[in-house]
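In: compute the structure for the input listed below.
(one chain, ligands or ions: 1)
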Amino acid sequence: MSDDLLEQVRLNGAVPAHVAIIMDGNGRWARNRTLPRPFGHQAGMKSVREVVEGALAAGVEVLTLFAFSNENWQRPPDEIGALMSLLQEYISRELAELKAQDVGVRFLGDLDRLAASARRAVDQMMQETAGCTRLALNICISYGSRAEITRAARRLAEEVAAGRLAPDEIDEEALAGQLYTAPWPDPDLLIRTSGELRLSNFLLWQLAYAELYVTPVLWPDFTRRHLYEAILDFQRRERRFGRVSV
Ligand code: FPP
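Out: The predicted structure follows:
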């Protein structure tokens, strides 16, 4: 049971408002079972449900998941096809429940690269949950942080070229305001599964002061209990934001 850990999380106080997760290790999970890689992604969907439920129970306000990177477009076509089908399966299976739980879902990334059917599904999910506020669930697909920052710079340049913005008005707030994540505070906690010590072009700007938590657990084995363990670890950290201890 995870209730004992949830109780500890609540007793410890400050729950991270924004948790970001690099969901890694689906391929290795499948390989360990001599299954094709898409089976790992299929199993990983269950963990998505686990962390959404865990985040709701713990009182996390924003959950941002890295589901598919710009670089992932270079994977074999059958794996890309399987991931896109899973995305649509996830949306049709979870939409009603997410709405009932008051979860607002946003997909962040270059959505223009999605196939028409996947695009329709993500648009439908965003529209139907637009008024939901208990948890903001951001799913990054076709996402790369450098591309996101480049896009933000281009949008600011367009504002300047149109005479709506002066160059000296471009500050950190202005740039952050053009990122996909503009509506939400930066992540407090980044979790990466499967033991790799990399950011993999995920939220490079937004993670400036995040606490990092890497677990060897492969994503399909990740449960809400692991989420609570990560939050408990976070609650033991002292966050100084570049300042000295008081
Ligand atoms: C990384 O594992 C994981 C992915 C590239 C896909 C993540 C997708 C899911 C968890 C399922 C679908 C989720 C939603 C929200 C629809 P990897 O394949 O890089 O694993 P490896 O490093 O072991 O090869």
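
In: so which helix or strand takes in the closest residue to the ligand within the chain?
Out: Nearest to the ligand in the chain, going by C-beta to the nearest ligand atom, is Gly27, at a distance of 2.4 Å. Placement of C-beta: from N, CA and C, glycine included. Applying DSSP states H and E as the criterion places Gly27 in helix 26-32.

In: just checking, what packs against that helix?
Out: Applying 3 or more C-beta pairs under 8 Å, 6 or more residues apart in numbering; DSSP states H and E, one finds that helix 26-32 contacts helix 37-58.

In: start to end distance for stretch 7-17?
Out: Stretch 7-17 has an end-to-end distance of 17 Å (criterion: C-alpha to C-alpha, to the nearest Å).

In: could you give the number of residues near Phe222?
Out: 26 (other C-beta atoms under 10 Å).

In: returning to that earlier point: next, the buried residues of the helix holding Gly27.
Out: Residues of helix 26-32 classed as buried: 26-30 (neighbour count, 16 or more other C-beta atoms under 10 Å).

In: same check, this time on stretch 107-125
Out: Under 16+ other C-beta under 10 Å, the buried positions of stretch 107-125 are 107-110, 114, 118, 121-122, 125.

In: returning to that earlier point: wait, which of the buried residues of helix 26-32 is closest to Leu135?
Out: Among these, Asn26 lies closest to Leu135 (C-beta to C-beta), at 23.2 Å.

In: quick check: the closest one touching Thr193?
Out: No - in this structure Asn26 lies outside contact range of Thr193 using C-beta atoms under 8 Å: 9.3 Å.

In: what touches both of those two?
Out: 218-219 (C-beta atoms under 8 Å, 6 or more residues apart in numbering).

In: how much space between the most far-flung residue of the chain relative to its centre and Ala152?
Out: Relative to the C-alpha centroid of the chain, counting by C-alpha atoms, centre = their mean, Gly163 is the outermost residue, at 34.7 Å. According to C-beta to C-beta, to the nearest Å, Gly163 and Ala152 sit 19 Å apart.
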